[in-house]
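>>> For reference, the sequence and a predicted model appear below.
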Amino acid sequence: MTDMAGSLALPREMRHFIEGREVESADGRRGELLSPVDEAVFATYAFGGEEDVDKAVSSARAQFDHGEWSRLSGYDRGLLLNKLADLIERDADLIAEMDAACIGRPAMEPRILDLPNAIQTIRTSAGWADKLEGRTIPTPGYLGRPTISYTVHEAVGVVAAITPWNTPFMITCWKVGPLLAAGCTVVIKPSEETPMSALHLARLVKEAGFPDGVVNVVTGSGSVIGNALVRNPGVDKVTFTGSPGVGKHIQQEAAEDFKRVSLELGGKSPQIVYADADLAEAVAGCAMGIFFNQGQICAAGSRILVHEDIAEIFAQQFAAVAESIVVGDPAQEGVQMGPVAKKAQFDRVNDYIRKGIDAGATLMAGGVSEYTQGWFVKPTVFANANNDMVIAQEEIFGPVATIIPFKDEDEAIQIANGTVYGLGATVWTSDVKRAHRLAKRVKAGAVGVNCWAPIDARLPWGGVKQSGIGRECGLAGVMAYTEEKVITVVTD
Ligand code: NAD
């Protein structure tokens, strides 16, 4: 497979990765990967069942409970993680092409954003591996005898990591780096659309010298193997990134035996633009916030709240940016935006565009895209919208911006916080006091002031309200894979 994604050879046939080996599904079933550009099958992969999940969990369980991995020090885990980061760096071009081919994205994007971030995450995790220190707590004693209490952070155990298709390798590393640093083992269940880079990661894990069974990958459908993983009694924690509907289902299933759960879910992130903002900077930043990766970003700034004094000029300039984006086959020179990742996504985005038109929002750019071949959607801008419209409330996960005017700060905050979500937000203003005020009042996990909410291995990432539970990355991301145990000792 060289023509579609460029010069690097992508695998055409893939299998699960269990206990350090590539294995076919127990029932031999296979799934197909379709190119979002021309809908041709470009690779096949093992489409697993419950038996495959059981094998993968047993392999992770054995390593965690009594394998070589369970005896490694944090320092040694860090050494292995650093080797893994070097190998990812070596293969960065290939991995970027894998993700790009699966979701129809220009490979340059994951190459300059996802891969550097993923490598940084693995290296930062390596640094944490031998620094998971506990606390010493003064205690009043036991029956008159002196005591000392201290805490240790122990690995949670076997983790099921269930990931989405939009930035697959990077999100997989957000989970795998921290959980390995903590000493856990893992079974990764990548999305049906993007199994390729997770399987490559597993191969690199083996090459780096991790014991077999520490990292396993099973591929196939969410409803069968995703579900089987969440229910498997050998799994201690589920870390999930994906849609709120599936997240809710996972939380309910995991409650059965009180598995630990981290959820990174959807968003409807507001970008608040004040009249005193640098207009050109705000237009460009907000455009990146919603059009990057075809709008298929959890923190996409899909609601743009603009002060009424500049709402019209902002909408005109923003629509001009949308119209100027070159949409097409990402392999072609000059193309800036590829298709959306799957046909269901194409239908979903167009459906929302119809709803925006029906609700009476002003269509400034784009509109409903006709289906021919490939899942290309025009960057679309609605202006004069209000926050009650469906396009302002529901996650579209496509290149559709909804511009909503506001009068003052109170109204801006009321609109910004007026959805069930709370993932990212941006504030565009030159007034430093206003910037801090708005950043404090907006309910979100991450706020960018005069920038799009940055992602970085050192910064915690996650949402409030229905955008999720828990944090990935940063120290919090590593601690999420530990349990704090307290030990009290009578000292005399
Ligand atoms: P999705 O929920 O459809 O699928 C995510 C994963 O869950 C896939 O691997 C899928 O196979 C699996 N799955 C599906 N049904 C399952 C079930 N019943 N049990 C267990 N697993 C199951 O989401 P998607 O379409 O792949 O991704 C898009 C969504 O992900 C959007 O809502 C987006 O906002 C969200 N997302 C969030 C973040 C974040 O950091 N908060 C990052 C990226 C994407």
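Yep, it's here.
>>> secondary structure class for Phe210?
What DSSP: H, G, I helix; E, B strand; the rest coil gives for Phe210 is coil.
>>> Quick check: it touching Leu80?
Yes - using Cβ atoms under 8 Å, Phe210 makes contact with Leu80 at a distance of 5.4 Å. Glycine gets a C-beta too; all of them are placed from N, C-alpha and C.
>>> the more surrounded of the two?
Higher neighbour count among Phe210 and Leu80: Phe210, with 24 against 20, using other Cβ atoms under 10 Å.
>>> before we move on, the earlier item: where do the contact lists of Phe210 and Leu80 overlap?
Listed as contacting both Phe210 and Leu80 by Cβ atoms under 8 Å, 6 or more residues apart in numbering are Leu180.
>>> Any regions of the stretch 301-450 of the chain where pLDDT drops low?
Within the stretch 301-450 of the chain, the set of residues satisfying pLDDT under 70 is empty.
>>> Can you show me the helices along it?
With helices called from DSSP state H, counting those that start in this stretch, the stretch 301-450 of the chain shows them at 311-324, 343-359, 390-393, 409-416, 432-441.
>>> Tell me how far the first one lies from the chain's centre.
Taking the mean C-alpha point of helix 311-324 and that of its whole chain, the gap between them comes to 29 Å (Cα atoms, centre = their mean, to the nearest Å).
>>> all helices of the stretch 101-250 of the chain, in order?
108-109, 115-128, 168-182, 196-208, 227-231, 244-255.
>>> Please work out which of these is packed deepest.
Greatest average neighbour count among the helices of the stretch 101-250 of the chain goes to helix 168-182 (a mean of 28), per mean count of other Cβ atoms under 10 Å.
>>> Packing partners of that helix?
helix 74-90, helix 92-103, helix 115-128, strand 158-162, strand 185-189, helix 196-208, strand 237-241, helix 474-479 (3 or more Cβ pairs under 8 Å, 6 or more residues apart in numbering; DSSP states H and E).
>>> What parts of the chain come near the ligand?
Contacts of the chain with the ligand, taken as Cβ under 6 Å from any ligand atom, map to 162-166, 171, 189, 191-192, 222-223, 226-227, 230, 241-243, 246, 249-250, 264-267, 298, 395, 397, 423, 463, 468.
>>> on that earlier part again, turn the helices of the stretch 101-250 of the chain into JSON lines, columns for distance to Val449 and mean pLDDT.
Below are those laid out as JSON lines (distance: least, Cβ to Cβ, whole Å; pLDDT from 0 to 100):
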{"stretch": "helix 108-109", "distance to Val449": "24", "mean pLDDT": "94"}
{"stretch": "helix 115-128", "distance to Val449": "21", "mean pLDDT": "98"}
{"stretch": "helix 168-182", "distance to Val449": "23", "mean pLDDT": "98"}
{"stretch": "helix 196-208", "distance to Val449": "33", "mean pLDDT": "98"}
{"stretch": "helix 227-231", "distance to Val449": "38", "mean pLDDT": "98"}
{"stretch": "helix 244-255", "distance to Val449": "27", "mean pLDDT": "97"}
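>>> Make JSON lines from the ones you listed and add distance to Leu33 to it.
Compiled in JSON lines, these are given as follows (distance: least, Cβ to Cβ, whole Å):
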{"stretch": "helix 108-109", "distance to Leu33": "19"}
{"stretch": "helix 115-128", "distance to Leu33": "20"}
{"stretch": "helix 168-182", "distance to Leu33": "12"}
{"stretch": "helix 196-208", "distance to Leu33": "7"}
{"stretch": "helix 227-231", "distance to Leu33": "21"}
{"stretch": "helix 244-255", "distance to Leu33": "21"}
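>>> Nearest to Arg61, out of these?
Ranking these by proximity to Arg61 (Cβ to Cβ) places helix 227-231 first, at 12.5 Å.
>>> That closest one packs against which elements?
Judged by 3+ Cβ pairs under 8 Å, 6+ apart, the packing partners of helix 227-231 are helix 50-66, strand 158-162, helix 244-255.
>>> and the direction of the last one versus that of strand 237-241, what angle?
Looking back up the chat, that one is helix 244-255. Between helix 244-255 and strand 237-241, the angle comes out at 180 degrees (axes from the mean of the first three to the mean of the last three Cα atoms, to 10 degrees).
>>> Check the longest one too.
Angle between the axes of helix 50-66 and strand 237-241 is 120 degrees (criterion: the same axes, to 10 degrees).
>>> closest one to Ala331 among the helices and strands packed on helix 227-231?
Comparing the helices and strands packed on helix 227-231 under Cβ to Cβ, the one sitting nearest is strand 158-162, at 30.2 Å.
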